[in-house]
Structure formats: C-alpha cells, structure tokens
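Enquirer: Starting from these lines, generate the structure:
(chains A, B and C)
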Amino acid sequence: MEYLKELNEAQRVATTHLQGPLMVIAGAGSGKTRVLTYRIAHLIDNGVDSFNILALTFTNKAAKEMKERISTIIGSDSGRSIWMGTFHSVFARILRVESEKIGYPNNFTIYDTQDTKSLIKTIVKELGLDDKLYKPGIVYSRISSAKNNLISARAYMDDTGIMADDRSTGRPRLHEVYIEYEKRCFKAHAMDFDDLLFKTNILLKNHPDVLLKYQEKFKYILVDEYQDTNYSQYLIVKRLAARHENICVVGDDAQSIYAFRGANIQNILNFKKDYPDYNLYKLEQNYRSTKVIVDAANSIISNNKNQIKKNVWTSNSEGEKIKVLKTYSDNEEGKLISNDIFDIKNSEQALNSDFAILYRTNAQSRSFEESLRKLNIPYRIFGGLSFYQRKEIKDTLAYFRLTANHNDEEALKRVINYPKRGIGLTTIDKARVCANENDKSLWEVLENPVENGLKLNTGTQNKIGEFVTMIKSFATKISSDSAFDLCNEIAVNSGILKELYTDKTPEGVAKYDNIQELLNGIKGFVETQKTSEEQIVTLPDFLIDVALLTDADNDDPDDKNKISLMTVHAAKGLEFQYVYVVGLEENLFPSQMALNTRSELEEERRLFYVAITRAKKKATLSFATSRYRWGQLVQCEMSRFIEEVDSRFLNMERVFSRNEEKNDLPFGMPANNSSGFSSKKGTNTYKTKKAMPTITTSSTYNKKNLKRIESVENKEGSEVDVKRIVVGAKVSHERFGKGKVINIEGTPPNVKATVFFPEKGQKQLLLKYAKLNVIG
DNA sequence: CCAGTACTTAGGTTG
DNA sequence: TAAGTACTGG
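Expert: Numbering: from 1, shown residues only, chains lettered A, B, ... in the order given. Below you'll find the model as predicted:
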C-alpha cells in the first residue's frame, strides 16, 4: 500500500473508496488518470480478480499505458487481463462473441466512415435523390446522431419532430436512406461505429441471460472522460452496472468537447438520479501548470453559464505571462512560432517533445509544417489521413475483409477490379441492380450469376468466376493459417504487390513500402497477441483490432522526440511544457459553425480551455489577420476568446507593437515579411498553374485536330488491321508501345483485346477506339 | 475499357 | 488549395 502515499488527500479518498457508485469531478491537471490507475491497482490489491474489472477509456493508447502503469504498481502482470479500452473496442470484442444472438454472424465487418459514406452515396443515387442535397456527410451525421440516441430507422420515421426537421432542411426522404442503409449494412454483415454501441444495447436489452453474464463478469466498472459519453454509451454502462452498482465515473464538465457527436453532459447530472446514494469527490488541485495558466484558464471558463461549481487552484510557481502573437498571414504565423520554438529550444535546453502546436482544424497544419521543415525541427502530425486510411492500405485491408466476410460490399467494390482485371463499373452496376431485385448481397449474385438472372458475356463471367474462386481459396485458410501467413499470401496472390512493384514512380515505391509496413505490423500483432506456442492468431482477430485503431494508437519509436502538431480535440488528456494555441480568429476558433447557439459557443470555449490547460510551463496564443482558406485570401479578426482571458495574465506586446513595426518595414523585417506574405507566393503559383493549362489546352486542340485527321486516315488501314489482330499477334499502341495480344473477346463492334505491354503492363482495349497497329 | 483532363466544391472536431 | 468526379477522346 506504499503507493497510496503518492496521492494527495482527495485523490486518496477517491482511490480507496472501492464499493458503490462514485463520481469524481476532476479539474484539468488534477491527477484524474492517476486516480483511475491507482484505484484499479488498489482493487486488485484488495483481492478483486482482474477479470472482473471493466475500464472504459477514451483512446486505446490511454488503456495500454494505464495497464502498464497498473502492472508496475502492483508488481504483477495481472493488469493485462483487465478488460480495458474504448467503448468501441471493448464492445466490438463482446459482439464478436455474442452477435449471433442478434442475428449477425460473428465474422461481421466494421465499416469505417469512408465505407459508410460510400454506401450512403450509392443509396442516394439508387433512390434517385439529389446528391447536392443529400450529401453523404450530412446524411451520415443525421443517421449517426439518431443511432447514438438509440433511434432505429423505424423509430426515426415515426418521430414527427425528426421528420419535420428533415422536411424543413429540404431532405424529406432522409429516412428512406436510413432504412435502406440499415438493410444494406445488415445484408453486408457489417456494422458501422455507431452500430457497435447500438447493437450492444439491443443485445443487453433483449437477452437478459447475456446481460446477467456480463453483469457478473464486470463487477467493477470504471469510465474515464465521462463528460464525453453519449446516450448509447451511458445506457450500456447503466445496464451493466445495474446489478453490483460498483461504478466509478471520472470526468470534468469543463472539458466536454464532443457534444457534436452526441456526447451529453446530462450524463453527469443523471448520475445523481440513477444512483441516489452515490459519492461525489472533487479533485481541484492542479499539479500540471503554472499559476498564470491555471488562473487564465479559470477566467476563460467563467464565461460559461452551464457548469458544475469547482475551484481549480495550484501551488505551483507563478510562471510567465501568456504571450499573444499577431501576424499578417498564416505563413507568417508558422514562421514566427517556429522561430520561437527554435529560440526556446536553445535558451532553455528543451526537447522537441516538450512542444505542441494546437489548432482548431487539421487544414491549419500546413504553414507550420513548412516553417518547421525549414528550421530542421522534426515534427509529428496527429490525425489527418492516418496510415490505415491510405488508399493502398485500404485496398489491401479490403481483400482481408472480403476474405473474412464475403458479403462485405464496400470491400468487394474496392477490390473487384483492383488490380485491373476487366470487371468494370457497368458490370458492377448490373450486378447491383440484380442483387436489389433478388434481395441478395452483391457477392451472392456474383457467386451464382446465372441462377440470379444476371446476364453477362462469357468473358466477364469467367473473370468474375476467377475472382470468386480466388477469394474463396483465401477463405479456406482463415482458421488454419496465422493472420500474417494468410495476409502475406493474399497480398501476393491478389496481384496487389506485383501491381505496385511494377510502379517505379516515387509514389508507387512509397505505396509498396506501406504495404510491407502493414504486413510487418500484422506480424507484430500476431506475436504480441500470442499467449502460447500452439495458439494461432487469425485474420479475424486482426480485423477487429485494425478497424478501431487510430493514429494516436501508433507508437512509432521514431516519433519519440518530435514536436506535436494536432487539433485541440486530439490533445485531450495530453500535456506539454510549451503549448502554442494558434489560429485564434473569429470564425475559425470559435468556429463559424458554432456561432449560432449559446451552447455551441460554450463548447468552443471549453475547447479553448482544454487547449490552454495542456500547457505546463508556458502557453502562447497566436492569430493572423489574413489567411488562405480554400485557396482564397480572407481577412480575419482576433478571436473573442483572447479578449475573454483576464488581461493580467496576458503579454500583448507583440499585438500592439506590430502596427509600428509595419511602418519601418523596409528596415525592420524585410526578408521576413516579403517572403512571409504568402499572398505573393500563392498568387504566383496560382498564376503559373492557371497559365499552363491555357497553353496546353490550345496545344491539345492542335493535337486533337491532328489526331482526328490521323484517325480518319487510319480508318481504312484499321479495317485491315482488325482482322489481323489475333491472339499472339504483336501490336503497337501510340501510348503503351509494343505489346502482344493475349486474348480477344466480344462481338463486333465491341471487340476487346487483352494486350500485354512489357513497359506498361497488361491492358484491355476496345478495338473500335484504340488504334492498334500490327507489327512484323 | 482506360486514362487524362476539366470542373466543382468545400460543415469541423473522432471512434 | 486539394480532392473527388464527370467528361471525353483514343
């Protein structure tokens, strides 16, 4: 119990209160994670079996780190057997076991946002709706928030309020999309992120035996970041905890920043109602930041009406005032801040990893990347396009998914013609219509085209047959081969690796390397998951994990000593010595979209609060008076949030002095300003790029005319040629060079040749278009 | 069927 | 600016 000495009074009381419902309201930097970690350790220390503990965290990384800490504290590795992770990953694992009870096979696929949007897009098209109105993103967010509030498609349609909303925004048929979307996901044996929670609720609600099983299993439940749970999550926790009521939730209403995706601060208030005999503890002493930072943060948040009363304080030293930087452009902002970082690194012997640049939107990273690169300061960008969202990785994963679940339509559509095997969009569309008519999945139709009345020419039918056979052959090894062996085989036999290997462009090489990295990752996964020699870690095991991985979960040792660039959202729960909160401009931070209602503005303010409180030693704020947005220069005003900070804590020198500096511009900051002013550079590139096409267009016009004449001239010749184009003939093509015909199919005038070009690979060409000349 | 190009349009934050 | 799509010529 030595470890209890490492806690302050409030922390210790919360940690050692083991039985019954408990809520901990923890101010920023007050040791929230510490309490959670020590509390779990203490539970185990007091004889609670680690298998009986469920801990829900906000990221998988947080779970991993906490497990390690716990093992260290209690001096055994029983920390490993705690069920700990995000809501999504924990309940995905449970659904893998139980899904058959709610009618889903347990090899179900998890659709990510891309898959979801792509499916919605298809459905909107099929229903003949206006895709300008029914944009995938908007439709998805409607469906998503419905699901997070446990409103099924059926219930959605019956809800007069929701239906009125959709009518007023001009989307009266949105519910039809939802209904069809639900159907199609089910047919594809797929669940989206929201389904993982939604279906868990259905499972626990409709199957008392299953509920009882997990209530008995999870005798102790802990939830981190409780302020950011949505209704669906709230209800899962409530159901599971109903029997033993050993539930501990930890959170901070002032840091609630996910209302946009359904998070509900009400959950904190409901706690009192659900567990009237609950205990409430407040952690108010901040151990992280200087007095200036803590007090400045308090002054910001005091502008919010809705909050639970608490008094965050610190006994840390006063610290430096918060510096505010005014710049004339986004590029100058990048430059100034990079220089500042450079200076501090030298003067204070700071590490790269001590710094973070926090912005509101991912698009803002560009100017910082550029300026940091110029100064040779290594950085890491969190968020944005993650490794797993890259096209080549998604394509490869799609093969894996399709192997595990043939009905996964989004995966099927991705790879059926990649690498090119001559199964084009026309064919897929036909098959899709056929699937709809027969109420079957796309795969079922392709597997038995004739039986399902799908009319295709024999060539296409053969190609589909080959594809189906290939996927099936992969599938025979699902349970016998390890994930690594099988994935390797798929990468080779699907033709993906070959396709990228022949591509010698830098991008092609990078893609090839990425696939190798993916395979290495799978190898690592197989090794770490293995608990015994005989155990086989299979492809489905890997697939559950990979769908729910995020960038933050990637622990690349190369990334250790780098500056962090990320959105404020992504910075939640983290801390840095030096924090730069950038782009503090009206319409950006606070976001333009959040200015309509008070509650949205308050969420932006909490976001700003979160940003500032990440800093331990020094916080810096910046704004630009102009910046590029979608390629257009816009004027910006300083954010109201800067004005809301009590001026005693701000150092505004660099805001007021700028105007004078501007006057002695020729001498004061010539190089800095002229090149820092992105507008010039920007318009230049814009101009050249704009100018280029006009030149090329005129030249292509010439070329076009020339070609037309050529092709007319060729007409007579080609008639002769067509007859001479037979399998085995050597031909030449103006773009692909010399090649050999390896197949001819189709009936005139749609005769199609498959030609192998040693330089460009195998191509399929329609003879009526492609001018093939027989040579030799 | 394929590939290059012209055109359009951008709701921001995430598991 | 950048990405994604619709169009078009071969």
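
Enquirer: Wait, a helix at A:Val731?
Expert: No - counting by DSSP: H, G, I helix; E, B strand; the rest coil, A:Val731 is not part of a helix but strand.

Enquirer: And the residue of the stretch 401-550 of chain A that's closest to DNA strand B?
Expert: A:Gly424 (2.0 Å; Cβ to the nearest atom of the strand). Where you see a C-beta, it was placed from the backbone N, CA and C, and this is true even at glycine.

Enquirer: That residue - how many residues pack around it?
Expert: Residues near A:Gly424, counting by other Cβ atoms under 10 Å, number 13.

Enquirer: Quick check: residues of the stretch 251-400 of chain A near DNA strand B?
Expert: A:257, A:260-261, A:360-363, A:383 (Cβ under 7 Å from any atom of the strand).

Enquirer: one step back: what confidence value was assigned to the closest residue to the residue of the stretch 401-550 of chain A closest to DNA strand B other than its chain neighbours?
Expert: Nearest-residue entry for A:Gly424: A:Asn417, 6.5 Å, with adjacent residues in sequence omitted and distances by Cβ to Cβ, 6 or more residues apart in numbering. A:Asn417 is assigned 86 on the pLDDT scale.

Enquirer: Let me see the contact set for A:Asn417.
Expert: The neighbours of A:Asn417, taking Cβ atoms under 8 Å, 6 or more residues apart in numbering as the test, are A:423-424, A:428.

Enquirer: for those residues, which one is nearest A:Lys132?
Expert: A:Lys132 lies nearest to A:Ile428 out of the contacts of A:Asn417, by Cβ to Cβ, at 23.9 Å.

Enquirer: pretty sure that closest one is touching A:Lys413, no?
Expert: Yes - here A:Ile428 reaches A:Lys413: they are 6.6 Å apart, a contact under Cβ atoms under 8 Å.

Enquirer: how far away is A:Leu127 from A:Leu765?
Expert: Separation of A:Leu127 from A:Leu765 (Cβ to Cβ, to the nearest Å) stands at 35 Å.

Enquirer: So between these two, which is more surrounded?
Expert: Applying other Cβ under 10 Å to A:Leu127 and A:Leu765 shows that A:Leu765 carries more neighbours, namely 20 against 12.

Enquirer: Leaving out the residues flanking it, which one is nearest to the more buried one?
Expert: Per Cβ to Cβ, 6+ apart, closest to A:Leu765 is A:Ala753, 5.5 Å.

Enquirer: so who does that neighbour touch?
Expert: Contact analysis of A:Ala753 by Cβ under 8 Å, 6+ apart lists A:725, A:741, A:743-744, A:764-765, A:767, A:770, A:772.

Enquirer: same thing but 10 Å
Expert: A:722, A:725-727, A:729, A:731, A:739, A:741-746, A:763-767, A:770, A:772 (Cβ atoms under 10 Å, 6 or more residues apart in numbering).

Enquirer: same for DNA strand C: which of the residues you listed are within range?
Expert: A:765-766, A:770.

Enquirer: What is the nearest of the residues you listed to DNA strand B?
Expert: A:Leu766 (4.9 Å).

Enquirer: tell me the phi and psi of the closest one?
Expert: Phi and psi for A:Leu766, reported as degrees, to the nearest 10, are phi -90, psi 130.

Enquirer: Dig out what it forms beta bridges with.
Expert: A:Lys752 (DSSP bridges).

Enquirer: how close does A:Arg724 get to DNA strand B?
Expert: Distance of A:Arg724 to DNA strand B, computed by Cβ to the nearest atom of the strand, to the nearest Å: 20 Å.

Enquirer: Mind pulling up the pLDDT for the nearest residue to that residue once chain neighbours are set aside?
Expert: In space, A:Arg724 comes closest to A:Val774 once its chain neighbours are excluded; the distance is 4.5 Å by Cβ to Cβ, 6+ apart. The per-residue pLDDT reported for A:Val774 equals 78.

Enquirer: And for A:Leu588?
Expert: Reported pLDDT for A:Leu588: 94.

Enquirer: For it, list each beta-bridge partner.
Expert: In beta-bridge terms (that is, DSSP bridges), A:Leu588 pairs with A:Ser591.

Enquirer: gap between it and A:Gly383?
Expert: In this view, A:Leu588 and A:Gly383 are 17 Å apart by Cβ to Cβ.

Enquirer: neighbour-wise, which of the two wins?
Expert: Each of A:Leu588 and A:Gly383 has its neighbours counted (other Cβ under 10 Å); A:Leu588 has more, 23 against 15.

Enquirer: Surely the more buried one touches A:Arg627?
Expert: Yes - counting by Cβ atoms under 10 Å, A:Leu588 does reach A:Arg627; the two are 7.9 Å apart.
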